[in-house]
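K.L.:
need a 3D model of the following:
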Amino acid sequence: MIGKDISLVIPLFNEESNVENIYAKIKKSFGTKLSYQLVLVNNGSWDKTKKIIENLSKKDRNVLLIDVKKNIGYGFGILSGLNSATGDIIGWIDGDDTTDPNDVYLLYKKMKETSSDVGFSERIVRGQNLFRKLESFFYNTLLFVLYGRNFRDINSKPKLIKREAYRKFNLQSKDWFVDTEFCISAYNRKLSHTRILRREVERRHGKSAVKLTTALEFFKNIMWYRVLNHI
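P.N.:
Predicted coordinates:
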């Protein structure tokens, strides 16, 4: 796996209905345009997710299975995958099949063209209900107040980073705060970055794991992170 252009991590928690479709779309999108490692993390699933990943890894050596026995959190799944990624550029998308793999390729290409260390994305059409829109507004406002930066859709994926740059990070978040911690860490280190706009794909199968407690978790973590790091 050493020497791949990109390693893409996908945390999967009870996503048996999405795994094969995500795999097929990534394989079609990347094709011969770039070499890749697909790190599929079974994040403590109790359905057939692990078995499906095992079958994919047996027939395709570009697929790496990371098996997390117990779901500790979304962030833990991502970090488990990133720690095993060997590509020159590494990153992640969600396992709910709402990210177009073509956007991953476009962001990778733009990073190369601009010699950027980090690649971010921003959703054009959010497609959220009123609660999610208000949640995002207050969350982004709080980030601006605490850090003086407009992070612009901080939870959007894909997120990409040069592996050498990532080695300087020490991400700790085991939950949904990992996206925020990553962005804050990148900005604090003044890493060069680029961005693409993307349209989110509607989730077709499975059920979202985002709940009201997830929002409360966000707010708690952002306050603690601000205090502990004295930023």
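K.L.:
Leu216: which element?
P.N.:
Leu216 is part of helix 212-229, with elements assigned from DSSP states H and E.
K.L.:
so who does Leu64 touch?
P.N.:
By CB atoms under 8 Å, 6 or more residues apart in numbering, Leu64 lies in contact with Met1, Gln37, Leu38, Val39, Leu40, Ser57, Ser84. Using the backbone N, CA and C atoms, a C-beta is placed for each residue, glycine as well.
K.L.:
equivalent analysis for Leu106, please.
P.N.:
The contact partners of Leu106, taken as CB under 8 Å, 6+ apart, are Ile196.
K.L.:
figure out how far the helix or strand hosting it is from the centre of its chain.
P.N.:
Element membership for Leu106 (DSSP H and E) is helix 101-114. Distance, stretch centre to chain centre, for helix 101-114: 15 Å (CA atoms, centre = their mean, to the nearest Å).
K.L.:
that helix: which residues count as buried?
P.N.:
Pro101, Asp103, Val104, Tyr105, Leu106, Leu107, Tyr108, Met111 (16 or more other CB atoms under 10 Å).
K.L.:
check stretch 46-63 too.
P.N.:
Using 16+ other CB under 10 Å as the test for burial, stretch 46-63 gives Asp47, Thr49, Lys50, Ile52, Ile53, Leu56, Asn62, Val63.
K.L.:
stretch 150-163 now?
P.N.:
Buried residues in stretch 150-163, counted by 16+ other CB under 10 Å: Phe151, Asp153, Ile154, Asn155, Ser156, Lys157, Pro158, Lys159, Leu160, Ile161, Lys162, Arg163.
K.L.:
just the ones of those residues in strands?
P.N.:
Assignment to strands by DSSP state E places the following of the buried residues of stretch 150-163 there: Lys159, Leu160, Ile161, Lys162.
K.L.:
and the nearest residue to the last one once chain neighbours are set aside, how many neighbours?
P.N.:
To tie it back to what came earlier, the one meant is Lys162. For Lys162, ignoring the flanking residues on the chain, the nearest one in space by CB to CB, 6 or more residues apart in numbering is Asp117 at 5.2 Å. Here the number of neighbours of Asp117 (other CB atoms under 10 Å) works out to 21.
K.L.:
Leu38 is in contact with Leu8, isn't it?
P.N.:
Yes. The criterion here is CB atoms under 8 Å, and Leu38 meets it with Leu8 at 5.7 Å.
K.L.:
now do the shared contacts for those two.
P.N.:
When contacts are counted by CB under 8 Å, 6+ apart, Leu38 and Leu8 have Ile26 as shared neighbours.
K.L.:
can you give me the strands for this protein?
P.N.:
Counting by DSSP E, the chain has strands at residues 6-12, 36-43, 63-68, 89-92, 118-123, 159-162, 193-198.
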